[in-house]
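Student: one predicted model, sequence on top.
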Amino acid sequence: MVQDMSYGKLKLLFINIVSVLYKATSLNVHRLHLDLREVKLLVNAAKQEIWIQEIFIFLISGLILLRFVMCFVGLASNIVAIYPILTNSQPELLMPTIIVQILDSVALNIYEIILGYACIKYLYPQSISVFVVFFAKMTIKTICYISVLNIFSEKQHEIMSHMTYAENGGNLERESSEEFEIAHVQFRPINS
């Protein structure tokens with residue numbers, strides 16, 4: 001079976017399985033609880049006004065919860081995406097994976113960069129070098145996720161094109177076979 005698979009299909013399947021395994025290990029409610037408690041401790045240690053601390057606790061906790069929910073949705077969509085990758089059919093099953101990757105890997109990464117900059121600016125202004133490293137890491141991470149997103153989009157487009165071609169080719173073959181049958185029918189002369 002592996003010998004019959006193309007390199008692109010194997011690459012996409014490998015990326016998908018690694019993503020499933022990573023997201024399955026990330027779904028840990030105890031870790032989520034600890035992260036949410038740690039946010040409050042770190043923000044309160046900044047010694048800012050109480051309303052600024054509450055806003056940052058809300059924004060950071062919201063990001064952590066969104067990441068957790070998107071991890072769960074991404075796990076489900078990646079499991080569903082295995083079928084169209086293997087069978088080259090039903091390209092609509094790749095759309096949830098593409099949408100989740102856009103939201104999780106691109107939109108939430110941009111939100112995290114903006115929130116990281118705001119945290120450095122308002123909570124810990126002396127730590128600008130930490131933000132530079134954080135920004136470089138998030139930029140590389142986002143670029144990698146966009147390349148994976150492009151691979152999934154290409155596969156979905158390839159399956160859709162293949163299905164459209166098969167549908168149109170099937171109609172052409174049927175029409176041409178009907179034309180062939182009509183060509184061999186013997187007609188009687190009208191005057192007889």
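Tutor: Cool, got the structure.
Student: what helix or strand does residue 38 sit in?
Tutor: With secondary structure defined by DSSP states H and E, residue 38 is part of helix 29-44.
Student: just list the residues touching residue 101, thanks.
Tutor: Contacts were defined as CB atoms under 8 Å, 6 or more residues apart in numbering; by that measure residue 101 touches 74, 145, 148-149, 152. Placement of C-beta: from N, CA and C, glycine included.
Student: who wins for neighbours among those residues?
Tutor: Across the contacts of residue 101, neighbour numbers were computed from other CB atoms under 10 Å; residue 74 holds the maximum, 25 neighbours.
Student: the bottom helix or strand of the protein by mean pLDDT?
Tutor: Scoring the helices and strands of the chain by mean pLDDT, DSSP states H and E places helix 128-183 at the bottom, with a mean of 75.
Student: circling back to that earlier point, following the helix holding residue 38, which helix or strand comes up?
Tutor: For helix 29-44, the following helix or strand on the C-terminal side (DSSP H and E) is helix 50-87.
Student: what angle sits between that following helix and helix 29-44?
Tutor: Calculated by axes from the mean of the first three to the mean of the last three CA atoms, to 10 degrees, helix 50-87 forms an angle of 150 degrees with helix 29-44.
Student: for the record, mean pLDDT for the next helix-or-strand element following helix 50-87?
Tutor: Following helix 50-87 in sequence order, the next helix or strand is helix 95-101 (DSSP H and E). The average of the pLDDT scores along helix 95-101 is 90.
Student: and the nearest residue to residue 116 once chain neighbours are set aside, how many neighbours?
Tutor: What sits nearest to residue 116 in space, not counting adjacent residues and going by CB to CB, 6 or more residues apart in numbering, is residue 134, at 5.3 Å. For residue 134, the neighbour count with other CB under 10 Å is 17.
Student: same question, residue 139
Tutor: By other CB under 10 Å, the residues close to residue 139 number 12.
Student: quick one: residues contacting it.
Tutor: When contacts are counted by CB under 8 Å, 6+ apart, residue 139 touches residue 113.
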